[in-house]
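In: Fold the following.
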Amino acid sequence: MTIESIIEGCRNGDAEARRELYQRYASEMFALVRRYVKVRAAAEDVFHDGFVVAYTKIDSYRGEGSFEGWLRRIFVNAALTHLRNSSLHKTLESDVGDLPPNVAEGAPPEVLSTLTQQELAKIMERLPEGYRTVINLYAVEGYSHAEIGQMLNVSESTSRSQYLRARARLAELIKEYERVKESN
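Out: Model (predicted):
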């Protein structure tokens, strides 16, 4: 089936088209959700909610831009809704303050390029929820800090500071991982 026929079938309530859409995008969308939601059971709920929204809102896809981009936005929004409901906003707002001088300067070390995708994902899971959310939205999904601020209902400067803090913490976690890896 072409993506156009799948979309049309979903618009008409065709169960086979919905199954095809699910099979085509399930693993990618679940991986996306897991980058935001640490607890597997909660991630599964968000994942399910994302597909429900996609099926019910498929009429709003007008064919402008990629369908996958439209679908990703639904799943990111579902994950953010879950995080907002689980007090992410309080975590972000309470962690804003003066940044240590070294945070604004350093990006993750060069060792980042030696990590596998699985190793990096495992390290990122250790980031606090707020940090992980902002770093995913900015560095992975490509949203601006202004957009992130609107999505998370925080100021643009809060998004920026959380991103800088996330980068610094990620660099620490990578260094720690490398030390453990080298000692084994």
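
In: Looking at this structure, which helix is longest?
Out: Ranked by residue count, the top helix of the chain under DSSP state H comes out as helix 156-183.

In: got the buried residues for that one?
Out: Applying a neighbour-count criterion of 16 or more other C-beta atoms under 10 Å, one finds 158-171, 173-174, 177-178 buried in helix 156-183. For the C-beta atoms, the positions are set from N, CA and C on the backbone; glycine is no exception.

In: how distant is that helix from the center of its chain?
Out: Its chain's C-alpha centre and that of helix 156-183 lie 17 Å apart, by C-alpha atoms, centre = their mean, to the nearest Å.

In: What's the mean pLDDT across it?
Out: Here helix 156-183 scores 88 as its mean pLDDT.

In: Now do that helix: which elements does it pack against?
Out: helix 88-94, helix 101-105, helix 117-124, helix 129-135, helix 145-152 (3 or more C-beta pairs under 8 Å, 6 or more residues apart in numbering; DSSP states H and E).

In: got the CA coordinates for the fourth one in PDB?
Out: Once non-C-alpha atoms are left out, helix 129-135 reads as follows in PDB (Å, rounded to 0.1, in the frame of the first residue of the first chain):
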ATOM      1  CA  GLU A 129      13.100  14.200  32.900                       C
ATOM      2  CA  GLY A 130      13.200  17.900  32.300                       C
ATOM      3  CA  TYR A 131      16.700  17.900  30.900                       C
ATOM      4  CA  ARG A 132      15.900  14.900  28.700                       C
ATOM      5  CA  THR A 133      12.800  16.500  27.400                       C
ATOM      6  CA  VAL A 134      14.500  19.800  26.400                       C
ATOM      7  CA  ILE A 135      17.600  18.100  24.900                       C
END
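
In: Show me what it is packed up against.
Out: Packed against helix 129-135 by the contact rule (3+ C-beta pairs under 8 Å, 6+ apart) you find helix 15-36, helix 67-85, helix 88-94, helix 145-152, helix 156-183.
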